[in-house]
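Chemist: Would you be able to build a 3D model of this:
(one chain, ligands or ions: 1)
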Amino acid sequence: MSQTAALSDLTSIQIGGTPAEIYVAKTRDDLVEHTLELWRSGDDWLVLGGGSNMVVADDCSDLRVVKVENRGIENIRGKDDSKVTLRVQAGEDWDEFVAYTVEQGLAGIEAMSGIPGTVGAGPVQNIGAYGQELSDVLLRLEFLDYETHEVAVIEAKDLGFGYRTSVIKRGRPGVITWVELELQKLDGLSRPLYSTQIAADLGVEMGDQVPLVDVRKSVLKLRASKGMVLSKNDPDSVSCGSFFTNPIVSDKVARTLPSDAPRWEDEDDEGLTVKLSAAWLIEAAGIGKGFSLPGSGAAISSKHTLAIVNRGGATANDVLQLASYVQLQVSNRFGINLVPEPNLIGFD
Ligand SMILES: Cc1cc2nc3c(=O)[nH]c(=O)nc-3n(C[C@H](O)[C@H](O)[C@H](O)COP(=O)(O)OP(=O)(O)OC[C@H]3O[C@@H](n4cnc5c(N)ncnc54)[C@H](O)[C@@H]3O)c2cc1C
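Modeler: Numbering: from 1, shown residues only. The predicted model follows:
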């Protein structure tokens, strides 16, 4: 089924021109067949889920879009009574899926409540929040590979997951048609909490297990306070969420920062690395909440310095100019390069 619309109507930051075609795929087979047909045409193409992690150019009239809307959740098997494997079609809404798992008493993704978008886009940047990441629970996915034009099942270990990244995000084009996740039955309780913010909100200790519904409620409340839940009533949610990832730097670089800069240390194959807070760096570089460049429709969220919002009528260039300005200020002040998290579509 084809439809005509501007991508500004289909993206959370409400930016993007009208593409040549938007084909809505309602089943897995339709998604595969139409995408293959599109690839054979040689035209520019885009896979669109919920449009919550992309900034599309104002002119994208050559682009042909496949919108992923295949739905369905199948309980396929569990390793034992305490583990449940679900196969979820890519077009399922992520947050509705999280709500379903919480209702079913299944633990593993409760802290990722409120992340907008589709299930199929989740593995692309290994979505995560409040101490949980999709890679913690993802077993495998089905992938239509642009290079081979073939469908293959890829195991999680082969997806090169990292912080907000995967082999797909790093440049293996294709389409995820379904994913399989393994969740746990813990008598209606969450996994041990890894978020100081949720623990503080619920008045419990880190590592405690609490009812899944309580975690979901707490996360939705915390996210809403930062403009991180899509809402018609919240102009700060007209965004892509975080515009920059938190930079990961060497211990040596981290030591050059002021002592009050938040930092999370991690030991990996390359030695000690330190994750920094992009929001802190932006504020410390002099860019506060609500900041905007003269004459621009884009601004820093009034609730969180990490989000760039469309205040109404912003162009794609307004967003990119503000993003570049933020990068420049942070780089000048701290010598650290902020990397954008959303996918930039249709720019040179
Ligand atoms: C208010 C707000 C808060 C957010 N908070 C978080 C957060 O806490 N944590 C987090 O990780 N992210 C967050 N995000 C970002 C976003 O929600 C996630 O990245 C989400 O997974 C994007 O899903 P989507 O369906 O909207 O993807 P889209 O924006 O439609 O697509 C994103 C990318 O994935 C590709 N893609 C989409 N579907 C498929 C598919 N089936 N197969 C292959 N490629 C595909 C697209 O081509 C594009 O490159 C937030 C965004 C907003 C607006």
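Chemist: Touching, Lys169 and Ala121? I think so.
Modeler: No. Using C-beta atoms under 8 Å, Lys169 is not in contact with Ala121, being 10.2 Å away. Every C-beta, even on glycine, is put in place using the N, C-alpha and C of the backbone.
Chemist: The two: who's more crowded?
Modeler: Ala121 (26 against 19; other C-beta atoms under 10 Å).
Chemist: How about that one, nearest residue that isn't a chain neighbour?
Modeler: In this structure, Ala121 finds its nearest non-sequential neighbour in Gly49, 3.9 Å apart by C-beta to C-beta, 6 or more residues apart in numbering.
Chemist: Just want to check the distance between the nearest residue to Val167 once chain neighbours are set aside and the ligand.
Modeler: Take Val167 and drop its neighbours on the chain: the residue closest to it by C-beta to C-beta, 6+ apart is Gly160, 4.0 Å away. Distance from Gly160 to the ligand, counting by C-beta to the nearest ligand atom, to the nearest Å: 15 Å.
Chemist: How about the contacts made by Gly160?
Modeler: By C-beta atoms under 8 Å, 6 or more residues apart in numbering, Gly160 lies in contact with 166-167, 170.
Chemist: if we go to 10 Å?
Modeler: 126, 135, 166-170, 172 (C-beta atoms under 10 Å, 6 or more residues apart in numbering).
Chemist: So it, which state does it fall into?
Modeler: Following DSSP: H, G, I helix; E, B strand; the rest coil, Gly160 is assigned to coil.
Chemist: about what we covered before: what's near enough to touch the residue nearest to Ala121?
Modeler: Gly49 sits next to 10, 67-69, 90-94, 116-122, 124, 176 when contact means C-beta under 10 Å, 6+ apart.
Chemist: what subset of those is also close to the ligand?
Modeler: Among the contacts of Gly49, the residues within reach of the ligand (C-beta under 6 Å from any ligand atom) are 68, 90, 116-118, 120-122, 124, 176.
Chemist: out of the residues you listed, what pair is the most spread apart?
Modeler: Using C-beta to C-beta, the pair of the ones next to the ligand among the contacts of Gly49 lying farthest apart is Pro116 and Ile176, separated by 16.9 Å.
Chemist: Within range of the ligand, give me the residues from the stretch 201-348 of the chain.
Modeler: So far as C-beta under 6 Å from any ligand atom goes, the stretch 201-348 of the chain lies against the ligand at 228, 230, 237, 239-241, 343.
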